[in-house]
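Peer 1: Have a look; sequence and predicted model below, questions after that.
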Amino acid sequence: MPTPLVVSEVAKSFTMHLRDGIRLPVMSNVAFSVKAGECVVLGGPSGIGKSSLLKMVYGNYAVDSGQILIEHGGRLLDLATADPRTILSVRRATLGYVSQFLRTVPRVAAVDVVAEPLLGRGTAAAEAREIAEAMLARLNLPRELWQLPPATFSGGEQQRVNIARGFITDHRILLLDEPTASLDAKNRAVVVSMIEEKKAAGVALLGIFHDEDVREKVADRIVDVSAFSPRKAAA
Ligand SMILES: Nc1ncnc2c1ncn2[C@@H]1O[C@H](COP(=O)(O)OP(=O)(O)OP(=O)(O)O)[C@@H](O)[C@H]1O
């Protein structure tokens with residue numbers, strides 16, 4: 001079975017349009033891979049580029065050069081050069097992303113926000129809702145909130161809706177950007193066990209976890225992003 005995610009020779013700089021278009025190099029020679037069933041954690045100090053790297057792997061940030069090889073539909077595809085339509089199809093079928101914050105859609109109930117990725121993958125509405133409810137129950141979201149839009153939920157409640165939505169599918173690669181940042185210890189433990197289940201199912205996980213305890217529990221390997229940073233000499 002091919003490695004689900006291989007990042008090779010990637011370089012990235014930001015162009016500051018408001019400052020005469022000067023280019024700030026953020027990282028170069030980025031190279032690592034994530035195997036099936038493995039959880040790789042991006043490490044390094046604040047501002048070194050961990051979130052930017054995750055956004056590149058998801059296709060939200062373009063890269064200057066290099067390859068981001070994703071196993072999609074039985075073949076390897078380079079996300080760094082893929083067209084937007086292909087990126088969307090990779091996201092639908094193969095590459096999931098749990099961001100730190102939920103982007104709420106007005107007037108859509110929490111349970112439907114969670115069920116939506118399953119509907120997009122062809123699951124029947126009633127079944128998708130049932131699975132969504134089970135996820136919300138597991139994450140201890142009070143039942144009386146399930147039918148409400150999450151816009152007014154607390155930070156931790158919104159994050160749990162977001163986690164349920166991100167974990168509900170069987171994507172082969174899952175990117176996690178601080179999924180436990182606003183959670184209490186009980187719900188952090190739930191997320192740790194959900195990550196362990198994904199690993200057991202052969203999912204390749206790449207994440208950022210500032211919480212040391214969670215990081216130690218889930219990480220098989222830490223990739224230090226400072227190794228790719230031009231600031232490493234000054235660090
Ligand atoms: N769109 C952008 N345009 C310009 N600079 C950016 C952009 N996104 C990020 N940066 C810069 O790139 C650097 C890396 O930011 P990033 O958020 O990836 O770091 P991080 O390691 O995830 O930090 P933290 O641990 O604090 O979340 C920072 O100096 C940031 O200001």
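Peer 2: Arrived safely. Numbers count the residues shown, from 1 in each chain.
Peer 1: tell me the centre residue of the protein?
Peer 2: Residue closest to the average C-alpha location in the chain (CA atoms, centre = their mean): L175, at 2.4 Å.
Peer 1: Show me the strands in this protein, by range?
Peer 2: In the chain, the segments counted as strands under DSSP state E are 5-16, 22-34, 39-43, 65-72, 75-78, 95-98, 173-177, 204-208, 221-224.
Peer 1: Any idea which of those gets closest to the ligand?
Peer 2: Ranking these by proximity to the ligand (CB to the nearest ligand atom) places strand 5-16 first, at 3.6 Å. Where C-beta positions appear, they are placed from N, C-alpha and C, glycine not excepted.
Peer 1: wait, what's in contact with the nearest residue to Q100 once chain neighbours are set aside?
Peer 2: What sits nearest to Q100 in space, not counting adjacent residues and going by CB to CB, 6 or more residues apart in numbering, is E178, at 4.6 Å. Going by CB atoms under 8 Å, 6 or more residues apart in numbering, E178 touches Q100, G207, I208, F209, H210.
Peer 1: and the first one, how far is that from E157?
Peer 2: Separation of Q100 from E157 (CB to CB, to the nearest Å) stands at 14 Å.
Peer 1: between the two, who's got more neighbours?
Peer 2: Shown here are Q100 and E157; by other CB atoms under 10 Å, E157 has more neighbours (23 against 17).
Peer 1: what bridges to the residue nearest to the centre of the chain?
Peer 2: With DSSP bridges applied, L175 shows beta-bridge pairing to Y97, L206.
Peer 1: Could you check the pLDDT of it?
Peer 2: With respect to pLDDT, L175 has a value of 97.
Peer 1: So it sits against V98, correct?
Peer 2: Yes. Taking CB atoms under 8 Å as the definition, L175 is a contact partner of V98 at 7.1 Å.
Peer 1: For the biggest helix by length in the chain, buried residues please.
Peer 2: When the chain is parsed with DSSP state H, its longest helix is helix 185-200. Going by neighbour count (16 or more other CB atoms under 10 Å), the buried part of helix 185-200 is N187, R188, V190, V191, V192, M194, I195, K198, K199.
Peer 1: what residues does that helix touch?
Peer 2: Residues outside helix 185-200 that contact it (CB under 8 Å, 6+ apart): 37-39, 138-140, 156, 160, 163, 167, 174, 176, 179-180, 183, 205, 211, 213-214, 217-218, 220.
Peer 1: ok, now which ones touch Q67?
Peer 2: For Q67, the contact set (CB under 8 Å, 6+ apart) comprises V6, V7, S8, E9, V10, D78, A80, T81.
Peer 1: What parts of the protein come near the ligand?
Peer 2: Where the chain comes near the ligand, counting by CB under 6 Å from any ligand atom, the residues are F14, V26, S46, G47, I48, G49, K50, S51, S52.
Peer 1: 5 Å instead?
Peer 2: F14, S46, G47, I48, G49, K50, S51, S52 (CB under 5 Å from any ligand atom).
Peer 1: which among those residues end up buried?
Peer 2: I48, G49, K50, S51, S52.
Peer 1: Let me have those in JSON lines, adding pLDDT as columns.
Peer 2: As requested, those are arranged in JSON lines below (pLDDT from 0 to 100):
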{"residue": "I48", "pLDDT": "90"}
{"residue": "G49", "pLDDT": "91"}
{"residue": "K50", "pLDDT": "94"}
{"residue": "S51", "pLDDT": "93"}
{"residue": "S52", "pLDDT": "93"}
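Peer 1: Right, I'll call it a day here.
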